[in-house]
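S.K.: Give the three-dimensional model of this entry:
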Amino acid sequence: MTKVTVTPYGSDAGKKAEVAQMFDKIAPQYDLLNRVFSLGIDIHWRKKAIAYLLKSKPETILDVASGTADVAILMAKILQPAHIVGIDIANQMLELGRVKIKDQALSDIITLETGDSEALRFEDNSFDAITVAFGVRNFENLDKGLSEMLRVLRPGGRLVVLEFSKPHIFPFKQLYNTYFKYVLPYIGRLTSRDVRAYTYLFESVQVFPEGLDFNNILTKIGFQNPSCERLTLGICSIYSAVK
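M.R.: The predicted structure follows:
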(Lines give C-alpha, C1' and ligand atoms only; values in the text may rest on other atoms or scores of the structure.)
Protein backbone atom coordinates (compact mmCIF):
# COMPACT_ATOMS: atom_id res chain seq x y z
CA MET A 1 0.00 0.00 0.00
CA THR A 2 1.41 3.37 -1.06
CA LYS A 3 1.84 5.78 1.81
CA VAL A 4 0.10 9.11 1.15
CA THR A 5 1.18 12.19 3.09
CA VAL A 6 -1.30 15.02 3.58
CA THR A 7 -0.12 18.37 4.94
CA PRO A 8 -2.16 21.45 5.92
CA TYR A 9 -0.65 23.84 3.39
CA GLY A 10 1.47 21.84 0.94
CA SER A 11 4.55 24.01 1.39
CA ASP A 12 8.20 22.95 1.62
CA ALA A 13 8.24 23.52 5.40
CA GLY A 14 7.29 19.90 6.17
CA LYS A 15 4.24 18.45 7.90
CA LYS A 16 5.49 19.05 11.44
CA ALA A 17 6.07 22.76 10.93
CA GLU A 18 2.79 23.18 9.06
CA VAL A 19 0.78 21.38 11.74
CA ALA A 20 2.30 23.60 14.44
CA GLN A 21 1.49 26.69 12.38
CA MET A 22 -2.08 25.54 11.76
CA PHE A 23 -2.88 24.79 15.40
CA ASP A 24 -1.34 28.05 16.56
CA LYS A 25 -3.67 29.87 14.16
CA ILE A 26 -6.86 28.11 15.23
CA ALA A 27 -6.02 27.86 18.94
CA PRO A 28 -8.47 30.56 20.16
CA GLN A 29 -11.43 28.80 18.52
CA TYR A 30 -10.23 25.20 18.95
CA ASP A 31 -12.18 24.16 22.05
CA LEU A 32 -15.41 25.83 20.96
CA LEU A 33 -15.30 24.33 17.49
CA ASN A 34 -14.63 20.87 18.93
CA ARG A 35 -17.79 21.09 21.02
CA VAL A 36 -19.89 22.48 18.17
CA PHE A 37 -18.68 20.14 15.44
CA SER A 38 -19.06 17.00 17.56
CA LEU A 39 -22.24 18.16 19.36
CA GLY A 40 -20.33 17.62 22.60
CA ILE A 41 -19.71 13.92 21.93
CA ASP A 42 -15.95 14.49 21.94
CA ILE A 43 -16.07 14.83 25.75
CA HIS A 44 -17.63 11.36 25.99
CA TRP A 45 -14.95 9.98 23.65
CA ARG A 46 -12.18 11.37 25.84
CA LYS A 47 -13.71 9.93 29.02
CA LYS A 48 -14.14 6.57 27.32
CA ALA A 49 -10.45 6.54 26.35
CA ILE A 50 -9.32 7.53 29.84
CA ALA A 51 -11.37 4.65 31.27
CA TYR A 52 -8.85 2.28 29.68
CA LEU A 53 -6.41 3.42 32.39
CA LEU A 54 -8.71 3.07 35.41
CA LYS A 55 -7.63 -0.46 36.26
CA SER A 56 -3.88 0.21 36.14
CA LYS A 57 -4.08 3.46 38.14
CA PRO A 58 -1.02 5.12 36.59
CA GLU A 59 0.91 7.55 38.77
CA THR A 60 2.87 9.23 35.97
CA ILE A 61 1.27 9.96 32.61
CA LEU A 62 2.56 11.50 29.39
CA ASP A 63 -0.11 13.18 27.27
CA VAL A 64 1.26 13.59 23.74
CA ALA A 65 -0.25 16.26 21.46
CA SER A 66 -1.87 17.65 24.59
CA GLY A 67 -3.13 20.80 22.88
CA THR A 68 -5.32 22.82 25.22
CA ALA A 69 -5.04 20.07 27.85
CA ASP A 70 -8.59 18.68 27.69
CA VAL A 71 -7.43 15.09 28.18
CA ALA A 72 -4.82 16.00 30.78
CA ILE A 73 -7.40 17.86 32.87
CA LEU A 74 -9.91 15.01 32.65
CA MET A 75 -7.22 12.48 33.62
CA ALA A 76 -6.21 14.56 36.62
CA LYS A 77 -9.79 14.50 37.87
CA ILE A 78 -10.71 10.90 36.97
CA LEU A 79 -7.44 9.03 37.55
CA GLN A 80 -5.90 11.32 40.20
CA PRO A 81 -2.28 10.52 39.27
CA ALA A 82 0.75 12.08 40.92
CA HIS A 83 1.90 13.87 37.77
CA ILE A 84 0.87 14.43 34.16
CA VAL A 85 3.19 15.91 31.55
CA GLY A 86 1.51 17.26 28.42
CA ILE A 87 3.57 18.02 25.32
CA ASP A 88 2.67 19.69 22.03
CA ILE A 89 4.45 21.44 19.17
CA ALA A 90 1.86 24.26 19.05
CA ASN A 91 2.74 26.86 21.68
CA GLN A 92 -0.49 28.84 21.42
CA MET A 93 -2.50 25.73 22.23
CA LEU A 94 -0.34 25.11 25.29
CA GLU A 95 -0.78 28.69 26.49
CA LEU A 96 -4.55 28.23 26.47
CA GLY A 97 -4.13 24.91 28.24
CA ARG A 98 -2.07 26.51 31.00
CA VAL A 99 -4.83 29.02 31.67
CA LYS A 100 -7.40 26.22 31.97
CA ILE A 101 -5.13 24.24 34.29
CA LYS A 102 -4.53 27.24 36.53
CA ASP A 103 -8.25 28.09 36.63
CA GLN A 104 -9.02 24.55 37.82
CA ALA A 105 -6.21 24.54 40.41
CA LEU A 106 -4.39 21.65 38.76
CA SER A 107 -0.98 23.27 38.25
CA ASP A 108 0.60 21.00 40.89
CA ILE A 109 -0.44 17.92 38.92
CA ILE A 110 -0.22 18.93 35.25
CA THR A 111 2.81 20.38 33.51
CA LEU A 112 2.65 21.49 29.88
CA GLU A 113 5.72 21.94 27.73
CA THR A 114 6.70 22.32 24.11
CA GLY A 115 7.77 18.92 22.85
CA ASP A 116 8.09 16.81 19.72
CA SER A 117 6.62 13.30 19.83
CA GLU A 118 9.40 12.10 17.55
CA ALA A 119 12.19 13.30 19.86
CA LEU A 120 10.97 12.97 23.43
CA ARG A 121 13.35 14.44 26.02
CA PHE A 122 12.44 11.84 28.66
CA GLU A 123 14.53 8.87 29.78
CA ASP A 124 13.61 5.30 28.96
CA ASN A 125 10.80 3.78 31.05
CA SER A 126 9.67 7.12 32.50
CA PHE A 127 5.86 6.86 32.42
CA ASP A 128 3.21 4.42 33.64
CA ALA A 129 0.85 5.41 30.80
CA ILE A 130 0.82 7.49 27.62
CA THR A 131 -2.20 9.05 25.94
CA VAL A 132 -2.67 10.69 22.55
CA ALA A 133 -6.02 12.22 21.60
CA PHE A 134 -6.48 13.20 17.96
CA GLY A 135 -2.73 13.61 17.54
CA VAL A 136 -1.10 10.58 15.92
CA ARG A 137 -2.78 11.47 12.62
CA ASN A 138 -0.65 14.61 12.57
CA PHE A 139 2.72 12.95 13.18
CA GLU A 140 5.21 13.59 10.41
CA ASN A 141 6.81 10.19 11.01
CA LEU A 142 4.25 7.88 12.62
CA ASP A 143 6.65 4.99 13.25
CA LYS A 144 9.20 7.26 14.90
CA GLY A 145 6.61 8.89 17.15
CA LEU A 146 5.23 5.53 18.26
CA SER A 147 8.75 4.18 18.81
CA GLU A 148 9.59 7.12 21.06
CA MET A 149 6.46 6.57 23.11
CA LEU A 150 7.30 2.88 23.46
CA ARG A 151 10.79 3.86 24.67
CA VAL A 152 9.61 6.16 27.46
CA LEU A 153 6.75 3.87 28.55
CA ARG A 154 7.52 1.57 31.46
CA PRO A 155 7.29 -2.22 30.97
CA GLY A 156 3.66 -3.19 31.47
CA GLY A 157 2.55 0.41 30.88
CA ARG A 158 -0.35 1.18 28.58
CA LEU A 159 -0.67 3.39 25.51
CA VAL A 160 -4.13 4.75 24.73
CA VAL A 161 -4.76 6.49 21.41
CA LEU A 162 -7.99 8.28 20.52
CA GLU A 163 -8.21 9.12 16.83
CA PHE A 164 -10.74 9.88 14.11
CA SER A 165 -11.68 7.02 11.82
CA LYS A 166 -14.05 6.45 8.90
CA PRO A 167 -17.66 5.27 9.29
CA HIS A 168 -18.54 2.30 7.06
CA ILE A 169 -22.32 1.95 7.59
CA PHE A 170 -24.69 3.12 4.86
CA PRO A 171 -26.20 5.75 4.79
CA PHE A 172 -24.40 7.24 7.82
CA LYS A 173 -21.06 7.04 5.99
CA GLN A 174 -22.34 9.17 3.11
CA LEU A 175 -24.09 11.70 5.36
CA TYR A 176 -21.11 12.03 7.66
CA ASN A 177 -18.62 12.40 4.79
CA THR A 178 -20.72 15.21 3.32
CA TYR A 179 -20.75 16.99 6.67
CA PHE A 180 -17.06 16.34 7.29
CA LYS A 181 -15.88 17.30 3.81
CA TYR A 182 -18.07 20.32 3.07
CA VAL A 183 -20.06 21.67 6.05
CA LEU A 184 -17.38 21.48 8.73
CA PRO A 185 -14.65 23.21 6.64
CA TYR A 186 -17.13 25.96 5.68
CA ILE A 187 -17.99 26.69 9.32
CA GLY A 188 -14.29 26.47 10.18
CA ARG A 189 -13.40 29.07 7.57
CA LEU A 190 -16.05 31.43 8.93
CA THR A 191 -15.00 31.14 12.57
CA SER A 192 -11.25 30.51 12.53
CA ARG A 193 -8.35 32.34 10.95
CA ASP A 194 -7.28 29.42 8.81
CA VAL A 195 -9.07 28.42 5.60
CA ARG A 196 -7.23 25.09 5.33
CA ALA A 197 -7.41 23.69 8.86
CA TYR A 198 -10.71 21.84 8.68
CA THR A 199 -10.22 20.74 5.08
CA TYR A 200 -6.93 19.19 6.22
CA LEU A 201 -8.82 17.46 9.03
CA PHE A 202 -10.98 15.56 6.55
CA GLU A 203 -8.07 14.79 4.22
CA SER A 204 -5.83 13.52 7.01
CA VAL A 205 -8.49 11.15 8.32
CA GLN A 206 -8.96 9.65 4.85
CA VAL A 207 -5.31 8.57 4.58
CA PHE A 208 -4.71 7.54 8.20
CA PRO A 209 -4.17 3.77 8.72
CA GLU A 210 -7.14 2.95 10.93
CA GLY A 211 -8.39 -0.18 12.63
CA LEU A 212 -6.39 -3.35 11.99
CA ASP A 213 -3.84 -1.41 9.93
CA PHE A 214 -2.97 0.80 12.90
CA ASN A 215 -2.91 -2.17 15.27
CA ASN A 216 -0.46 -3.89 12.91
CA ILE A 217 1.79 -0.82 13.06
CA LEU A 218 1.69 -0.89 16.87
CA THR A 219 2.71 -4.55 16.80
CA LYS A 220 5.52 -3.84 14.34
CA ILE A 221 6.85 -1.08 16.61
CA GLY A 222 6.91 -3.47 19.59
CA PHE A 223 3.65 -2.90 21.47
CA GLN A 224 1.72 -5.92 22.67
CA ASN A 225 -1.96 -6.90 22.69
CA PRO A 226 -3.24 -3.99 20.57
CA SER A 227 -7.00 -3.48 20.47
CA CYS A 228 -9.40 -1.17 18.66
CA GLU A 229 -12.83 0.01 19.84
CA ARG A 230 -14.89 1.96 17.31
CA LEU A 231 -17.14 4.68 18.74
CA THR A 232 -20.25 6.49 17.45
CA LEU A 233 -20.71 4.36 14.32
CA GLY A 234 -17.02 4.59 13.54
CA ILE A 235 -16.45 8.33 13.68
CA CYS A 236 -13.49 7.74 15.97
CA SER A 237 -11.64 4.80 17.51
CA ILE A 238 -9.78 4.00 20.71
CA TYR A 239 -6.57 2.02 20.33
CA SER A 240 -4.89 0.46 23.33
CA ALA A 241 -1.68 -1.53 23.68
CA VAL A 242 0.88 -2.36 26.37
CA LYS A 243 4.67 -2.46 26.51
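S.K.: secondary structure element for Ser147?
M.R.: Following DSSP states H and E, one finds Ser147 within helix 142-152.
S.K.: Just after that helix, pick out the following helix or strand.
M.R.: On the C-terminal side of helix 142-152, the nearest following helix or strand under DSSP H and E is strand 153-164.
S.K.: what packs against the lowest-mean-pLDDT helix or strand in the chain?
M.R.: Within the chain, no helix or strand scores below helix 184-191, which has a mean of 75 by mean pLDDT, DSSP states H and E. When contacts are defined as 3 or more C-beta pairs under 8 Å, 6 or more residues apart in numbering; DSSP states H and E, helix 184-191 sits against helix 15-38, helix 197-207. Using the backbone N, CA and C atoms, a C-beta is placed for each residue, glycine as well.
S.K.: how about 6 Å then?
M.R.: Under the contact criterion of 3 or more C-beta pairs under 6 Å, 6 or more residues apart in numbering; DSSP states H and E, helix 184-191 touches helix 197-207.
S.K.: Can I take it that Gly86 is in a strand?
M.R.: Yes - assessed by DSSP: H, G, I helix; E, B strand; the rest coil, Gly86 belongs to a strand.
S.K.: quick one: the residue nearest to it when sequence neighbours are not counted from Ala90, how far?
M.R.: Closest residue in space to Gly86, ignoring its immediate chain neighbours: Ser66 at 3.0 Å, by C-beta to C-beta, 6 or more residues apart in numbering. Separation of Ser66 from Ala90 (C-beta to C-beta, to the nearest Å) stands at 10 Å.
S.K.: More neighbours: which of those two?
M.R.: Between Ser66 and Ala90, counted using other C-beta atoms under 10 Å, Ser66 has the larger neighbour count: 29 against 25.
S.K.: Now do the more buried one against Asp213, distance only.
M.R.: 25 Å.
S.K.: before we move on, back to that, residue contacts, the residue nearest to Gly86?
M.R.: By C-beta atoms under 6 Å, 6 or more residues apart in numbering, the contact list for Ser66 reads 72, 86, 88.
S.K.: can you pick the most crowded of these?
M.R.: Gly86 (29 neighbours).
S.K.: so the residue nearest to Gly86, which of the three states?
M.R.: Per three-state DSSP, the local secondary structure of Ser66 is coil.
S.K.: before we move on, back to that, now the angle between strand 153-164 and the helix holding Ser147, please.
M.R.: Interaxial angle of helix 142-152 relative to strand 153-164 (axes from the mean of the first three to the mean of the last three C-alpha atoms, to 10 degrees): 140 degrees.
S.K.: Ile61 contacts Gln80, correct?
M.R.: No - using C-beta atoms under 6 Å as the test, Ile61 is too far from Gln80 to be in contact (10.9 Å).
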